[in-house]
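Trainee: need coordinates for the below:
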Amino acid sequence: MNSPRTPEVPTRVSLRVGAWLAAGVFLTRMPFVWSGFGTDTDTWKFAAGVREMADTGRYTASRLPGYPIMEWLSVPFAHLGPWAPNALSAVAAAACAWLAARLFARHGVRDAWLAAAAFVFVPAAYIAGTSSIDYLWAIAFALAGWLEAADGRATRAGLWLGLAVGTRLTSALF
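Mentor: The predicted structure is shown next:
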């Protein structure tokens, strides 16, 4: 007796689907990036530290132990106002969506793009994608490292994980 064939789950997310997912995630964050630095004192410390680095040229930890990758990458935008680093966090949210979709697909999750969208629309991830906070930056770097490690590219995985740790020290646990 022949059993019915189950459709195979794709192990990749197409470039088109990934790009649409990332663009959609980015666009859903854009209305909120102009809302300022908010009420989180960490974002205000980040803003002050980045402005000081832009003005003096010396590294200043926004808060200990320091988040140098995010801080250095934000320095060129220090005097543009809060929308610029907030928009960079929206880019990180979009990257998380695409990378998570690729990772889910690689591990056989059906509708990987939908699972990734669910991940980046969790309230904590949504808010982090509209404010100057390092969470999604570190997750994006860690996801990239995970994908590289899964493909057997240890050096690249190490570089991505190094960026994750430089963005948020707790990524070392990853």
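
Trainee: by contact count, what packs against the longest helix seen in the chain?
Mentor: For the chain, the helix that runs over the most residues, judged by DSSP state H, is helix 83-106. Based on contacts counted as 3 or more Cβ pairs under 8 Å, 6 or more residues apart in numbering; DSSP states H and E, the elements that helix 83-106 packs against are helix 15-29, helix 41-56, helix 68-74, helix 112-120, helix 123-128, helix 135-150. Any C-beta I mention is one placed from the backbone N, CA and C, and that applies to glycine too.

Trainee: now it: mean pLDDT?
Mentor: For helix 83-106, the mean per-residue pLDDT is 96.

Trainee: would you put the C-alpha positions of that helix in PDB?
Mentor: What follows is helix 83-106, C-alpha atoms only, in PDB (Å, rounded to 0.1, in the frame of the first residue of the first chain):
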ATOM      1  CA  TRP A  83      15.700  59.000  14.300                       C
ATOM      2  CA  ALA A  84      19.000  57.900  12.800                       C
ATOM      3  CA  PRO A  85      20.100  55.300  15.500                       C
ATOM      4  CA  ASN A  86      16.400  54.300  15.800                       C
ATOM      5  CA  ALA A  87      16.400  53.600  12.100                       C
ATOM      6  CA  LEU A  88      19.500  51.500  12.400                       C
ATOM      7  CA  SER A  89      17.700  49.400  14.900                       C
ATOM      8  CA  ALA A  90      14.900  49.100  12.300                       C
ATOM      9  CA  VAL A  91      17.500  47.800   9.900                       C
ATOM     10  CA  ALA A  92      18.600  45.300  12.600                       C
ATOM     11  CA  ALA A  93      15.000  44.100  13.000                       C
ATOM     12  CA  ALA A  94      14.800  43.600   9.200                       C
ATOM     13  CA  ALA A  95      18.100  41.700   9.300                       C
ATOM     14  CA  CYS A  96      16.800  39.500  12.200                       C
ATOM     15  CA  ALA A  97      13.700  38.700  10.200                       C
ATOM     16  CA  TRP A  98      15.600  37.600   7.100                       C
ATOM     17  CA  LEU A  99      18.200  35.700   9.000                       C
ATOM     18  CA  ALA A 100      15.600  34.000  11.300                       C
ATOM     19  CA  ALA A 101      13.700  32.900   8.200                       C
ATOM     20  CA  ARG A 102      16.800  31.500   6.600                       C
ATOM     21  CA  LEU A 103      17.600  29.600   9.800                       C
ATOM     22  CA  PHE A 104      14.100  28.300  10.300                       C
ATOM     23  CA  ALA A 105      14.000  27.100   6.700                       C
ATOM     24  CA  ARG A 106      17.400  25.500   7.000                       C
END
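
Trainee: next, the angle from it to helix 15-29.
Mentor: Using axes from the mean of the first three to the mean of the last three Cα atoms, to 10 degrees, the interaxial angle of helix 83-106 with respect to helix 15-29 works out to 140 degrees.
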